[in-house]
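In: sequence first, then the predicted structure, then my questions.
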Amino acid sequence: MSLTGSDRLEIHEVIALHGHLCDAGAYERFDEVFTADLVVDASALGLAPLPAPGLSGRRLDLYIAAAHRHGSDGPLAHHVTNVIAREDGEGARAWSKGIALNQDGSVASFTYEDQLVRTGRGWRIRHRKVSVRREAGRGVEPLVLPD
């Protein structure tokens, strides 16, 4: 499968939509971004991977519930930039940079590494790994792009 320009645009928009939904507290719309069998690895942030061992239920519902618990204690704004999308078998992989403006005025930088699949409702993220940026020149391995 080869990604078209339309595929790439939709992948960029799905990744961007996550931040808009978080900032609006519209977590119930996360199905516009993620698949029901979503896996999130945010262990670099000190959070347990989702799904956590022993938890049952639809993974996306668990992620929505976690977002509600975080609620108004979360960042004031989420921004995403530097999106790169590449085909990956029958799906796609994307790498992007995230910036969060925290309530105390501090800023956090992180990297998303996403695996996406095309569904009947468009591209959705099935697996997301979040890596933090704490040191210049350290963190996520350099991205190697196929020719």
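Out: Arrived safely, thanks for sending. Numbering: from 1, shown residues only.

In: tell me the helix or strand right after the worst-scoring helix or strand of the chain on mean pLDDT.
Out: Lowest by mean pLDDT, DSSP states H and E among the helices and strands of the chain is helix 59-70, with a mean of 80. For helix 59-70, the succeeding helix or strand toward the C-terminus, using DSSP states H and E, is strand 77-88.

In: got a list of contacts for that following strand?
Out: Outside strand 77-88, the residues that touch it by C-beta atoms under 8 Å, 6 or more residues apart in numbering are 1-3, 7-8, 11-12, 15-16, 18-20, 22-23, 92-101, 112, 115-116, 143, 145-146. Glycine gets a C-beta too; all of them are placed from N, C-alpha and C.

In: and that strand, which residues are buried?
Out: Within strand 77-88, the residues that count as buried by 16 or more other C-beta atoms under 10 Å are 78, 80, 83, 85.

In: tell me how far the third one lies from Gly74.
Out: This means Val83. Using C-beta to C-beta, to the nearest Å, we find Val83 at a distance of 22 Å from Gly74.

In: helices of the chain, start to end?
Out: 5-24, 59-70 (DSSP state H).
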